[in-house]
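Enquirer: All I have is the shape, not the residue letters:
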């Protein structure tokens, strides 16, 4: 990962994705926005109690920082739906937990506050995807479903796909006291001391089982609960905002 600061907005880029010249992406911190506590300050989610005007301004700041032409949002429900973004789709907000696009300039946004934002890109076919993977998404293998959608809809080869896993609950804080009923038996091998689970490792293994090369997967390894000064964390604060992870193809260059 490398840090970028643009117009007062602090965000990070994955190293391997940063080498793709036709790609815009960034994992934003909670800093550099206009929202007041407890949503301070770069909250991008509406419907949480933040002032709508503040959310709109924060979203515009993210759009300017990443250099796209449109942002596409989804109503995340911890489900399994993978939505293919078509032309003109930025006007709608699909109910989904993953977005895939081949449209230049359209940036896909994942909103999180402890769940994993996962960014995928095929540099050969120029296909981008953003995934919201909470623990329920991990159980349902939303990552594998998204890779399958990239294959079926766009002819991607998993070995070509690059992946970045952003800040989320780390194995230090991902505690599941009722894991016997909430998590499948297959997840028990990822259990650490007490009732803590390594969901970063779960996601890496799910991506590898979907055909990605392990060397093509970069994990930021930053726990949101441990670093709630830089990232929103629902487990740390309950009433809080959502930070953004963004990915999409660069807009066409003017001729």
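Expert: Noted; the coordinates are in hand. Keep in mind that this is a model prediction, so the values were computed, not measured. Residues are numbered from 1 along each chain as shown.

Enquirer: Just the pLDDT at residue 21, thanks.
Expert: In this prediction, residue 21 carries a pLDDT score of 89.

Enquirer: With the one 5 residues further on instead?
Expert: pLDDT, residue 26: 97.

Enquirer: tell me which element it is part of?
Expert: Element membership of residue 26, judged by DSSP states H and E, is strand 23-28.

Enquirer: Tell me how far that strand lies from the chain's centre.
Expert: With Cα atoms, centre = their mean, to the nearest Å as the basis, strand 23-28 stands 10 Å off its chain's centre.

Enquirer: now the helices for the stretch 1-150 of the chain?
Expert: 15-18, 52-66, 135-139, 142-154 (DSSP state H, counting those that start in this stretch).

Enquirer: Now do the strand holding residue 26 and helix 52-66, the angle between them.
Expert: 130 degrees (axes from the mean of the first three to the mean of the last three Cα atoms, to 10 degrees).

Enquirer: strands paired with strand 23-28, and their directions?
Expert: strand 9-13 (antiparallel), strand 243-249 (antiparallel) (DSSP bridges).

Enquirer: Need the ones you listed in a markdown table (columns: mean pLDDT, distance to residue 27 and mean neighbour count).
Expert: Backbone N, C-alpha and C define where each C-beta goes, glycine included. Below are these laid out as a markdown table (pLDDT from 0 to 100; distance: least, Cβ to Cβ, whole Å; neighbours: other Cβ atoms under 10 Å):
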| stretch | mean pLDDT | distance to residue 27 | mean neighbour count |
| --- | --- | --- | --- |
| strand 9-13 | 93 | 5 | 20 |
| strand 243-249 | 98 | 5 | 28 |
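
Enquirer: Tell me if I'm right that residue 187 and residue 196 touch.
Expert: No: the criterion here is Cβ atoms under 8 Å, and residue 187 misses it with residue 196 at 11.7 Å.

Enquirer: re the thing from before, list of residues touching the strand holding residue 26?
Expert: 1, 4, 9-14, 17-18, 42, 44, 62, 65-68, 107, 117, 119, 121, 123, 128, 164, 166-167, 220, 243-250 (Cβ atoms under 8 Å, 6 or more residues apart in numbering).
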